[in-house]
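Peer 1: how does the following fold in three dimensions:
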Amino acid sequence: REDDVLVYRLVSSVPPTASDFLPAKAEHPERNFKPDEVCAACGVSVFRSVQDIIKKQSLYKALRSKKVAIGQITCADGLVLETFKPSHMTWWLRTSTPHSNFTEYEGNGPE
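Peer 2: Below you'll find the predicted structure:
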């Protein structure tokens with residue numbers, strides 16, 4: 001993959017905070033993930049396409065109150081792998097400040 005990746009993430013806070021970047025496994029410790037889901041559940045979901053993240057948001061009631069944030073991920077921030085479809089990526093954090101490069105997406109930037 002490229003060294004820097006522009007991605008979108010659903011967040012609760014504007015500006016985003018570290019708590020907006022918890023892996024599903026940390027956010028839902030009571031959930032029993034299937035064996036093939038555990039690896040992805042230890043990472044953070046991001047999308048390369050704003051249309052795809054907005055579509056995902058519209059499908060799940062729990063996500064509708066969230067905001068879309070846009071940010072740049074570098075190699076120093078952790079590992080990113082294309083997982084699932086259409087433009088979903090899993091980001092395994094290496095940084096304690098993943099939110100520092102993210103701002104609210106206001107619908108007039110890269111798509």
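Peer 1: the residue nearest the centre of the chain: which element?
Peer 2: Against the mean C-alpha coordinate of the chain, by C-alpha atoms, centre = their mean, the closest residue is residue 46 at 2.9 Å. Counting by DSSP states H and E, the element that carries residue 46 is strand 44-47.
Peer 1: with residue 30 instead?
Peer 2: For residue 30, there is no host helix or strand (DSSP H and E).
Peer 1: identify each buried residue in the lengthiest helix in the chain, please.
Peer 2: When the chain is parsed with DSSP state H, its longest helix is helix 50-59. By neighbour count on 16 or more other C-beta atoms under 10 Å, the buried set for helix 50-59 is 50, 53-54, 56-57. C-betas here are computed from N, CA, C, even on glycine.
Peer 1: let's have these in TSV, adding pLDDT.
Peer 2: TSV is the format used below for the buried residues of helix 50-59 (pLDDT from 0 to 100):
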residue	pLDDT
50	96
53	96
54	94
56	93
57	94
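Peer 1: could you tell me the end-to-end distance of stretch 43-60?
Peer 2: Across stretch 43-60, the terminal residues are separated by 20 Å (C-alpha to C-alpha, to the nearest Å).
Peer 1: buried ones in stretch 83-90?
Peer 2: By neighbour count on 16+ other C-beta under 10 Å, the buried set for stretch 83-90 is 87-90.
Peer 1: nearest to residue 69, of those?
Peer 2: Closest approach to residue 69 among those (C-beta to C-beta): residue 89, at 14.4 Å.
Peer 1: other SSEs contacting the longest helix of the chain?
Peer 2: strand 5-11, strand 67-73 (3 or more C-beta pairs under 8 Å, 6 or more residues apart in numbering; DSSP states H and E).
Peer 1: how many other residues sit next to residue 95?
Peer 2: A count of nearby residues for residue 95, using other C-beta atoms under 10 Å, gives 16.
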